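Novice: sequence below, structure please.
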Amino acid sequence: MAMEIEYDRSLYGVEHKAGPFEISDYTIDRANQSTGELGPAFTSDEGAKAAGYKGRIAPPTLCCILVRQVALPDVKVQFGKTSMHAGQRVEPKAPVYAGDRLTASSHLKDVYAKTGRSGTMVFVVWETTFSNQDGQIVAEVQESFARRE
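Specialist: Reported below is the predicted structural model:
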C-alpha cells in the first residue's frame, strides 16, 4: 500500500519564473572554472567556430548553477525532520552563447515516498526549463530534494 504524503498539491501546474540571466564571457569563464572545463569551444570564439558553433558556448552544466537562483515555494511536506539535496540532472537542448539572455520556468514534477535500508524518505522533484531570448529551449534541469526522519 502506498504511503499517503501530506503536502501542498495546489503547486502542481503552477510555473515559477526567474531571470533574465545575462550570459557574458565572464559568466562562461566562471562556469568553466567551477567545472574544470577546458574544451576549445568553451574557452574561445575561434575554438567554438572550429567546432561548428557561431561563437563561444557555455558548458552544459551552466544551467545547473543558474537553477540555484530560482526561488521555489515550500511544498510543505509533512514528513521528516531532515532535508537534503538528493540529485540533479541536466539535459542540454541547444548551445548557450555569450550574449544570450536566459529565462527559467520551474514546476513541481513529483512528490513520492521510497523505503530503503535506511528507512523511508520523501522526494520532491522540480523541473526547470531554460529558454533563450528567442524562445528556444536550451536546457532542462531536474532537481530532487529528500526528507527523512
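Novice: what stretches of the chain score poorly on pLDDT?
Specialist: Low-confidence segments of the chain (pLDDT under 70): 1-2.
Novice: which residues of it fall in helices?
Specialist: In the chain, the segments counted as helices under DSSP state H are 25-35, 40-43, 45-50, 62-66.
Novice: of those helices, which is nearest residue 99?
Specialist: helix 25-35 (8.9 Å; CB to CB). Backbone N, C-alpha and C define where each C-beta goes, glycine included.
Novice: C-alpha coordinates for the closest one, CSV please?
Specialist: C-alpha atoms of helix 25-35 as CSV (Å, rounded to 0.1, in the frame of the first residue of the first chain):
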residue,chain,number,x,y,z
ASP,A,25,32.1,35.9,-21.3
TYR,A,26,32.6,36.4,-17.5
THR,A,27,29.7,34.0,-16.7
ILE,A,28,31.2,31.4,-19.0
ASP,A,29,34.7,31.9,-17.5
ARG,A,30,33.2,31.3,-14.0
ALA,A,31,31.3,28.2,-15.1
ASN,A,32,34.4,26.8,-16.8
GLN,A,33,36.5,27.5,-13.7
SER,A,34,34.0,25.8,-11.4
THR,A,35,33.8,22.7,-13.6
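Novice: would you format the helices of the chain as a markdown table with mean neighbour count and distance to residue 96 included?
Specialist: Listed next are the helices of the chain as a markdown table, based on neighbours: other CB atoms under 10 Å; distance: least, CB to CB, whole Å:
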| stretch | mean neighbour count | distance to residue 96 |
| --- | --- | --- |
| helix 25-35 | 15 | 8 |
| helix 40-43 | 18 | 10 |
| helix 45-50 | 15 | 11 |
| helix 62-66 | 23 | 6 |
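Novice: can I get those in CSV including distance to residue 83?
Specialist: Supplementary listing: the helices of the chain in CSV, determined by distance: least, CB to CB, whole Å:
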stretch, distance to residue 83
helix 25-35, 24
helix 40-43, 34
helix 45-50, 40
helix 62-66, 19
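Novice: of those helices, which is nearest residue 15?
Specialist: The minimum distance between residue 15 and the helices of the chain falls on helix 62-66, with 16.5 Å, by CB to CB.
Novice: packing partners of that closest one?
Specialist: helix 25-35, strand 82-92, strand 101-116, strand 119-131, strand 137-148 (3 or more CB pairs under 8 Å, 6 or more residues apart in numbering; DSSP states H and E).
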